[in-house]
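Chemist: Kindly generate the corresponding structure for this input.
(4 chains)
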Protein chains: 2
Amino acid sequence: MASPSVQPTNAAPRARIAVIDDHPLVREGLAARIAAQPDLEVCCEAADSETALKLIRERTPALAIVDVALKNGSGLDLIKALAADGNGPRILVVSAYDEELFAERMLRAGAHGYVNKQELHGSVIEAVRAVLAGEIYLSAGLAQRLASQAVAGRRSTQGLEVLSDRELQIFELIGRGAGTRVIAAQLHLSVHTVESHREHIRAKLNLRSGTELLRRAVLWTFESRG
Amino acid sequence: MASPSVQPTNAAPRARIAVIDDHPLVREGLAARIAAQPDLEVCCEAADSETALKLIRERTPALAIVDVALKNGSGLDLIKALAADGNGPRILVVSAYDEELFAERMLRAGAHGYVNKQELHGSVIEAVRAVLAGEIYLSAGLAQRLASQAVAGRRSTQGLEVLSDRELQIFELIGRGAGTRVIAAQLHLSVHTVESHREHIRAKLNLRSGTELLRRAVLWTFESRG
DNA sequence: CAGGGCATGGTGGATTCCACCATGACGCCA
DNA sequence: TGGCGTCATGGTGGAATCCACCATGCCCTG
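Modeler: Numbers count the residues shown, from 1 in each chain, chains lettered A, B, ... in the order given. Reported below is the predicted structural model:
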């Protein structure tokens, strides 16, 4: 991939793109848009991070569009795995949450762009091209917010930014209604590990009971409409 | 609905469909699928309930595909408004949540079908056709759960009307995040009593785990009490 | 009166929670 | 380079809980 083949715009072959999202409709929407471009094409699709990883390694797309919340392993893991591969595809994250919360983490984990599903009129393609060209792409509002945040160096906010990646990930799953054992299975972790994370989350968010935790998580997921 | 005017399937013209979703990508995915059918076509799209209402009244589609969570008015309002119009389009709800909670509300508000975004490989079109044909369409898992609920004994299961006073009271406390022991203390009851009520609530609402109960209770308190 | 729903409580076994603890990996910084 | 903190991963054991039955008493309605 680092080989001199990654410049498709001037040649005949289209840039090959992987679409990873657990909503079939979103996949199709993306695929339709991409297919409509003369210089881009979809080379594979997947709904969960495992098959995604497999497919991407096998088909070596130039870019992968990844949703934050997948079935297994939640996108973040996928991104980390891809980044760890070294010469993997460039990565554009699509999310229903426009939380700076996620954007920051995703980018740190190795993503090259972050676009919100909501404000996605024509900008995906724009984002795809930008990321393919080697740039970092952020959807409109996010850039400013991230920047101002970085400048302000803000803390606490009682909010979820105190949580580590793993913790946030688990927090989200809790919000979706998954029990500890389900989460453990889904993330390929020991139940104890998940419980540990749970405990840390509780501590960080100042929640006494697991009930309160679940409540918080459910409300949060609901509010930020996953 | 009983009027003989809405019968597009037998003639040459395609059935005209409105697509209402705040995710552009999902809209496009749906549009692409619909456009691929010989007997269907998209007549308008909208991202919020206001323009949706305006467009639908103006263009009189045979069917409207509506997302639960819109920007303004949350889909539910839209459905109610359309139902109030009397001779509006048939309505198919698409949702990211497979909660019976939502399905119930939507159907009661006047929707004719409810499909989950997740399990949406080819079923949307199927659902569209069914709803156009005058049927009520529910995505797989939901159908059973709702049916078993309806058959199991009582009417409409209006959600919580089946609950006795005590049960509702406890349900609400659960929704506020109170644990069993707290509830017991607060109501001057034995923990066992509360647990019994809990169990009865679960049974009545067809919820499997206590987690589901909590989740549902939290969502309810959030939804209804503003 | 009989039956049904309701509120109250209990028992016992399975599960989950939760407060500690431990280890290895990584990063930071002096 | 070593030390310190954080993170992720796991474990242990006792407390709390869940949950499927069961039991009693009460009130209402047929």
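Chemist: got a pLDDT number for the residue most central in space within chain A?
Modeler: Closest to where the C-alpha atoms of chain A average out (CA atoms, centre = their mean) is A:V68, at 2.9 Å. pLDDT for A:V68: 78.
Chemist: How about the contacts made by it?
Modeler: A:S74, A:G75, A:L76, A:V93, A:V94, A:S95, A:A96, A:Y97, A:F102, A:M106 (CB atoms under 8 Å, 6 or more residues apart in numbering or on different chains). Glycine gets a C-beta too; all of them are placed from N, C-alpha and C.
Chemist: now A:E28, nearest residue through space, not along the chain?
Modeler: B:G29 (3.8 Å; CB to CB, 6 or more residues apart in numbering or on different chains).
Chemist: Touching, the one you found and A:P24? I think so.
Modeler: Yes. Using CB atoms under 8 Å, B:G29 is in contact with A:P24, at 7.5 Å.
Chemist: Neighbour count: these two, which is higher?
Modeler: A count of neighbours by other CB atoms under 10 Å in any protein chain shown puts B:G29 above the other of B:G29 and A:P24, at 27 against 21.
Chemist: related to what we said a few turns ago, show me the subset of the contacts of A:V68 that also lies near chain B.
Modeler: A:V94, A:A96 (CB under 8 Å from any CB of the partner chain).
Chemist: How much space separates A:G177 from A:A69?
Modeler: 13 Å (CB to CB, to the nearest Å).
Chemist: Per-residue pLDDT of A:A143, please?
Modeler: At A:A143, pLDDT is 69.
Chemist: Enumerate the residues of chain A near chain B.
Modeler: Contact residues (CB under 8 Å from any CB) of chain A with chain B: A:22-30, A:32-33, A:94, A:96, A:117-118, A:120-121, A:124, A:177, A:179, A:209, A:211-212, A:214-215, A:218-219, A:222, A:225-226.
Chemist: rerun at 7 Å
Modeler: A:22-26, A:28-30, A:32-33, A:117-118, A:120-121, A:177, A:179, A:209, A:211-212, A:214-215, A:218-219, A:222, A:225-226 (CB under 7 Å from any CB of the partner chain).
Chemist: List the contacts of A:A64.
Modeler: Residues near A:A64 by CB atoms under 7 Å, 6 or more residues apart in numbering or on different chains: A:A18, A:I20, A:I56, A:L82, A:P89, A:I91.
Chemist: could I have the strand or helix carrying it exported to PDB, CA atoms only?
Modeler: If you go by DSSP states H and E, A:A64 is part of strand A:63-67. C-alpha atoms of strand A:63-67 as PDB (Å, rounded to 0.1, in the frame of the first residue of the first chain):
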ATOM      1  CA  LEU A  63      -9.600   3.900   2.100                       C
ATOM      2  CA  ALA A  64     -12.100   2.500   4.600                       C
ATOM      3  CA  ILE A  65     -15.200   4.300   5.700                       C
ATOM      4  CA  VAL A  66     -15.900   3.100   9.300                       C
ATOM      5  CA  ASP A  67     -18.900   3.700  11.600                       C
END
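Chemist: Note down every partner strand of it and its orientation.
Modeler: Here strand A:63-67 is paired, per DSSP bridges, with strand A:15-20 (parallel), strand A:90-95 (parallel).
Chemist: Tell me how far it lies from the chain's centre.
Modeler: 8 Å (CA atoms, centre = their mean, to the nearest Å).
Chemist: following it, which helix or strand comes up?
Modeler: Immediately after strand A:63-67, counting by DSSP H and E, sits helix A:76-85.
Chemist: quick one: contacts of that following helix?
Modeler: Contacts for helix A:76-85 (CB under 7 Å, 6+ apart): A:20, A:49, A:52-53, A:56, A:64, A:66, A:70, A:88-89, A:91, A:105-106, A:109-111, A:165, A:169.
Chemist: in it, what's buried?
Modeler: Residues A:L76, A:D77, A:L78, A:I79, A:K80, A:A81, A:L82 are the ones in helix A:76-85 that count as buried (16 or more other CB atoms under 10 Å in any protein chain shown).
Chemist: closest to DNA strand C among the residues you listed?
Modeler: A:K80 (11.6 Å; CB to the nearest atom of the strand).
Chemist: what about A:S190, how many neighbours?
Modeler: 10.
Chemist: can you pull the pLDDT of the nearest residue to A:D22 once chain neighbours are set aside?
Modeler: The shortest distance from A:D22 to any residue other than its chain neighbours is 4.6 Å, reached at A:A47 (CB to CB, 6+ apart). Here, the pLDDT recorded for A:A47 equals 86.
Chemist: pretty sure A:A47 is touching A:V19, no?
Modeler: No. Using CB atoms under 7 Å, A:A47 is not in contact with A:V19; the gap is 9.9 Å.
Chemist: separation between the residue of chain A found nearest DNA strand C and A:F222?
Modeler: Residue nearest to DNA strand C within chain A: A:G210 (2.9 Å; CB to the nearest atom of the strand). Noted for A:G210: a distance of 18 Å to A:F222, by CB to CB.
Chemist: now swap in A:V66 and tell me
Modeler: 23 Å.
Chemist: Compare these two (neighbour count), which wins?
Modeler: The neighbour count for A:V66 versus A:F222, taken as other CB under 10 Å, is higher for A:V66 (27 against 18).
Chemist: Please identify which pair of the contacts of A:V68 lies farthest apart.
Modeler: A:L76 and A:A96 (14.7 Å; CB to CB).
Chemist: What helix or strand is the nearest residue to A:L205 once chain neighbours are set aside located in?
Modeler: Spatial nearest neighbour of A:L205, excluding adjacent residues (CB to CB, 6+ apart): A:R216 at 6.6 Å. For A:R216, the host element (DSSP H and E) is helix A:210-223.
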